[in-house]
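K.L.:
what's the 3D shape of this:
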Amino acid sequence: MSLPPATIHGMTVQGVAFQKEVSGPGVIAVVQLKVDIAHDGHVSRIRVLSGEEPFVEDAKNYVEAAHFRAMPDDPRVVNLATEWDMAVAFFKPRN
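P.N.:
Got it, this is the predicted structure:
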């Protein structure tokens, strides 16, 4: 699962559910977060797992603004919440 890319401070930012370290050409920083998604699809809590301080707040704001799919209107899952480990990668600005 990935979130749509965005531009923050001239850098492209992309969030992906992670299972391993994110790296590659142009990646200048990665912030790893644990994100709780409420039943209605909104972010209910964000915990920082790792990342360089200058990028943490932008990563949290980026994920908080994302839209996740709401759970079905089914009484069996009314209290269900989803938790994702997310890696938010910041890419070098293009010249």
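K.L.:
This protein: helices as residue ranges?
P.N.:
Applying DSSP state H to the chain gives helices spanning 53-64.
K.L.:
Can you pull out the low-pLDDT segments for it?
P.N.:
Low-confidence segments of the chain (pLDDT under 70): 1, 18-23, 77-81, 94-95.
K.L.:
farthest residue from the center of it?
P.N.:
Distance to the chain centre peaks in the chain at Pro75, reaching 28.0 Å (criterion: Cα atoms, centre = their mean).
K.L.:
can you tell me how far the residue nearest in space to the middle of the chain sits from Val27?
P.N.:
By Cα atoms, centre = their mean, the chain has its centre lying nearest to Val63, at 4.1 Å. In this view, Val63 and Val27 are 17 Å apart by Cβ to Cβ, to the nearest Å. C-beta coordinates here come from the backbone N, C-alpha and C atoms, glycine included.
K.L.:
Pro4: neighbour count?
P.N.:
9 (other Cβ atoms under 10 Å).
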